[in-house]
Every structure is written in structure tokens, then in C-alpha cells.
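[1] Predicted model, plus sequence, below.
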Amino acid sequence: MLLESICYAFLLYWIMQYLGRYSLNSAPSTGNLKFQIVLALGAGVYEEFIFRVVLITGFLFFFRDLLRLHPLIAGTFAILLAAGFFTAFHYLGPYADTFSLRSGLFRLLAGILLGLIFLMRGYGISAYAHTFYDLILIVL
């Protein structure tokens, strides 16, 4: 599970670097490594729970079970909506990133990729992948 998550984290890192050398880590550069590691762990666990488990599962229930949409269409809508909320979340609060179209699109893509990982492999893999991705950003 850990090895698979690390592979997904490096894949996400490679995709983001390839598309524009843009960092998705909006943690403040305090120089405090311990603080940045705690933020990375929190993002992996809590953001994945909220945006993947709660939102994607809730949207799937709504689109697939209530509206009776085809599972592929319901999954697509669920991932896109959750990724949109994930993106917007990063522009709120004291550690918010300054919005730009570029950063918004990168966060949206990251939300989509993490949503796909969640649907294909589950919460644990997506949470670890997100955590390891953030840790990669801290180290590199």
C-alpha cells in the first residue's frame, strides 16, 4: 500500500512538474520543517477524507443512486465537482494561495487525479499518495 501510494505521489509530482514546474504546496515557507511535515500529513488525511470520501461518495449517491445516471457519468460528475471544491478550498483561510488561473487549473487537475485514485484504489491509497506528494515537495 505504501509503495503504491509513493508511486502515485511521484506520478502526480512528475505530471505537475512536466506541465509547468508548478508547486501545489501552499504551505508558508517558514523554514520550519516540522510544521511543513505536519501540514503535509494533515492534508493527506483530512483533505482526502473531506474531498474524496465525503464529497465524491455523496455526489455518487446523488447522481448514481438518486438521479439514476450511468455510473461512468455519475463518477465523472462526482470527481469534477469534488475537484472543484478541492481547488476552491486552497484559496480560503490564513494559508490560502493567491488565486491565478494557472494555479487553479493545476489544483483542479490534482483533485481529478486524486479522485481517480480514490475511486480506483480507495481512501488509504489516495490519502497516502497526497501525503507523500506533499512530502516530496518539501524535500525537493
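    Here it is on my side, so go on.
[2] only C-alpha atoms for contact and neighbour calcs from this point on.
    OK.
[3] Wait, Y13 touches Y133, no?
    Yes - the criterion here is C-alpha atoms under 8 Å, and Y13 meets it with Y133 at 6.4 Å.
[4] Give me the below-cutoff pLDDT ranges for the protein.
    21-31 (pLDDT under 70).
[5] if we go to 90?
    Applying pLDDT under 90 to the chain flags the ranges 16-33, 35-36, 39, 93-98, 102-103, 139-140.
[6] tell me, what residue is most central in the chain?
    Residue closest to the average C-alpha location in the chain (C-alpha atoms, centre = their mean): G111, at 4.2 Å.
[7] Which helix or which strand is home to the closest residue to that one other than its chain neighbours?
    Of all residues not flanking G111 in the chain, A83 sits nearest, at 4.3 Å (C-alpha to C-alpha, 6 or more residues apart in numbering). Under the criterion of DSSP states H and E, A83 resides in helix 71-89.
[8] Can you spell out which helices and strands pack onto that helix?
    helix 57-60, helix 101-121 (3 or more C-alpha pairs under 8 Å, 6 or more residues apart in numbering; DSSP states H and E).
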